[in-house]
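Undergrad: Below: sequence and its predicted model.
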Amino acid sequence: MLEKFFHLKENDTTVGTEIAAGLTTFFAMSYIIFVNPQILALTGMPTQAVFLATVISAAVGTLILALYANVPYAQAPGMGLNAFFTYTVVFALGFTWQEALFMVFLTGVVGILITVTSIRKKIIHAIPESLQHAIGGGIGVFIAYIGLKNAELLSFTSEGQSIISVNNEPYTAGTEINGAIDSIVTGGGIIPDMGSFTNPYALLALIGLVVTIILMVAKVKGAILIGIVFTTIMGIPMGVTDLSGLSNPANSIGSAFGELGTTFGAAFGSEGLGSLLADPSRYAIILITIFAFTLTDIFDTIGTFIGTGRKAGIFTLDDEKSMDKGNGLNTKMEKALLADTVATSIGAVFGTSPVTTFVESAAGIGAGGRTGLTSLTTGTLFLLTAFFSPVMSIVPGAATAPALIVVGILMMSAFSEIDWNNLEEAIPAFFASIFMGFTYSISYGIAAGFLFYIITKVVKGKVHVVHPVLWATTALFIFNFVILGLI
């Protein structure tokens with residue numbers, strides 16, 4: 001039965017090889033079930049609910065890849081996309097998590113529409129390849145920076161005259177502050193420095209980072225997950241890991257499903273869809289946010305498929321050519337591209353950020369995975385993890401921060417594909433990637449990259465090579481910045 005459904009002999013593989021590959025992929029990417037809830041919980045979302053939403057969306061996307069596309073990949077809420085959800089959409093742009101979830105749902109719907117038509121491939125072809133690599137590498141910078149900050153390996157000092165506001169109120173240097181300080185906005189006078197290693201939290205994160213890097217360099221399977229588990233255990237004698245969460249009824253599987261009621265369907269409630277529709281002044285930034293989600297997801301997924309599938313023979317050059325020429329869902333790649341869009345919409349309904357194909361799928365492919373049976377194994381394991389929600393509650397941020405740093409390092413490998421000696425490539429790539437990390441915003445990085453790409457081409461008299469999609473998108477970004485400057 002398995003042979004007939006997954007065409008194992010045709011793909012020169014066996015049941016045992018496929019199951020082993022599925023296990024390998026799961027252990028390579030299962031860190032997301034710990035990291036994603038911690039990132040999204042910063043927005044006010046209940047942690048246990050996000051944990052279940054992460055597991056459900058990962059299982060759905062991966063099982064679609066298994067049963068519909070018959071390819072050995074796995075999906076889950078994407079790193080970078082979850083950071084964009086929290087730090088840009090909610091923190092920087094001021095949307096509620098419910099509003100952000102509805103935008104994620106729309107991202108999935110838009111993704112489905114552009115996948116079944118020819119629009120998705122037109123967007124892919126509109127963005128220069130160097131900028132695609134810069135966006136991928138820039139997300140790596142962004143994620144690694146978040147990891148360093150979450151590990152408390154960085155500290156920041158601001159000069160008094162550089163402080164712009166305190167608790168959202170204008171501030172003048174030397175003014176006495178009464179009461180608690182909730183937030184400070186400072187200008188260019190902020191100075192970064194190394195964090196204090198007398199802090200047990202930072203010390204634990206550093207130990208975890210060293211151990212994880214050693215495991216990665218030694219090519220130990222599941223290195224990131226092992227690093228998280230090791231750091232969590234090390235945190236017990238150091239007083240960072242709190243074991244009381246294991247016996248807390250609030251962290252039981254029943255409680256987790258109870259919390260899921262808070263996020264399930266929240267995107268469509270009065271604080272989600274209702275609130276978004278009530279303020280027309282935000283429509284432009286809503287469109288740009290959905291575009292940024294969609295763009296990032298497109299390149300995450302297509303980059304993983306082409307980068308790993310072509311080498312392993314899962315996707316051939318003929319698949320890519322067929323996708324370019326036809327409409328609909330005629331090839332394995334087109335069917336696979338549909339999976340993350342469907343899973344993204346379903347994930348938004350349950351309560352998580354956009355789903356994408358994980359590059360860690362390459363671990364399973366390297367172990368011999370060639371068909372959807374690999375994905376079926378990984379997806380089933382994700383469903384089983386739903387029963388381990390109490391364990392997730394005790395994992396400290398110091399244990400997941402090293403995972404963010406290491407994933408960031410892996411994503412920065414995209415920079416090697418950029419010709420840094422060619423200023424026409426280097427300038428847009430620099431602004432796209434560096435702005436992404438330093439402004440704490442993927443969309444701002446994309447905007448800067450697009451803008452400087454157009455500037456360099458105009459100066460060189462190559463206006464004709466700029467795709468209309470790029471002109472339109474850049475105009476939208478500029479319009480948004482003007483609006484933000486006026487409000």
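TA: Nice, I can see it. The structure displayed is predicted, hence computed values, not measured ones.
Undergrad: May I have the phi/psi pair for residue 190?
TA: Backbone geometry at residue 190, expressed as degrees, to the nearest 10, gives phi -80, psi 140.
Undergrad: can you check the one 5 residues further on too?
TA: With angles defined as degrees, to the nearest 10, residue 195 shows backbone torsions of phi -70, psi 170.
Undergrad: show me where the stretch 251-400 of the chain has helices.
TA: 253-263, 273-277, 283-304, 310-312, 317-325, 332-350, 361-366, 372-384, 389-392, 397-411 (DSSP state H, counting those that start in this stretch).
Undergrad: Just the CA trace of the second one, in PDB.
TA: Right, the one you point to is helix 273-277. Provided in PDB are the C-alpha atoms of helix 273-277 (Å, rounded to 0.1, in the frame of the first residue of the first chain):
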ATOM      1  CA  LEU A 273     -11.300  41.700  11.500                       C
ATOM      2  CA  GLY A 274     -13.700  44.200  13.100                       C
ATOM      3  CA  SER A 275     -10.900  46.400  14.400                       C
ATOM      4  CA  LEU A 276      -9.000  46.400  11.100                       C
ATOM      5  CA  LEU A 277     -12.000  47.400   9.100                       C
END
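Undergrad: Report the buried residues of that helix.
TA: 273, 275-276 (16 or more other Cβ atoms under 10 Å). Bear in mind the C-beta positions are built from the backbone N, C-alpha and C, glycine included.
Undergrad: Among the helices of the stretch 251-400 of the chain, which comes closest to residue 67?
TA: Closest of these to residue 67 is helix 372-384, at 6.3 Å (criterion: Cβ to Cβ).
Undergrad: For that closest one, buried residues please.
TA: Buried-residue list, helix 372-384, by 16+ other Cβ under 10 Å: 372-382.
Undergrad: Same check on stretch 36-49?
TA: 36-43, 45-49.
Undergrad: for it, how far is the first residue from the last?
TA: Start to finish, the residues bounding stretch 36-49 are 11 Å apart (Cα to Cα, to the nearest Å).
Undergrad: again, but for stretch 315-333
TA: For stretch 315-333, the end-to-end distance is 7 Å (Cα to Cα).
Undergrad: Let me know whether residue 336 touches residue 305 as I believe.
TA: Yes - with contact defined as Cβ atoms under 8 Å, residue 336 counts as touching residue 305 (6.3 Å).
Undergrad: Report the set of residues contacting both of these two.
TA: 73, 357 (Cβ atoms under 8 Å, 6 or more residues apart in numbering).
Undergrad: I'd like the buried residues of helix 273-277 laid out as CSV, including distance to residue 225 and pLDDT.
TA: CSV is the format used below for the buried residues of helix 273-277 (distance: Cβ to Cβ, whole Å; pLDDT from 0 to 100):
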residue, distance to residue 225, pLDDT
273, 36, 93
275, 37, 93
276, 37, 91
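Undergrad: And the buried residues of helix 372-384, which is closest to residue 166?
TA: Closest approach to residue 166 among those (Cβ to Cβ): residue 382, at 43.8 Å.
Undergrad: What are the neighbouring residues in contact with that closest one?
TA: Neighbouring residues of residue 382 by Cβ under 8 Å, 6+ apart: 26, 30, 33, 55, 58-59, 62, 76.
Undergrad: Residue 25: neighbour count?
TA: Neighbours of residue 25 under the rule other Cβ atoms under 10 Å: 32.
Undergrad: Over to residue 283?
TA: If you count neighbours by other Cβ under 10 Å, residue 283 ends up with 12.
Undergrad: Return the helix or strand in this protein with minimum mean pLDDT.
TA: helix 310-312 (a mean of 61; mean pLDDT, DSSP states H and E).
Undergrad: sorry, back to before: how about the contacts of residue 382 in TSV, adding secondary structure and distance to residue 4?
TA: Output for the contacts of residue 382, formatted as TSV (DSSP: H, G, I helix; E, B strand; the rest coil; distance: Cβ to Cβ, whole Å):
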residue	secondary structure	distance to residue 4
26	helix	25
30	coil	30
33	helix	33
55	helix	30
58	helix	27
59	helix	24
62	helix	21
76	strand	29
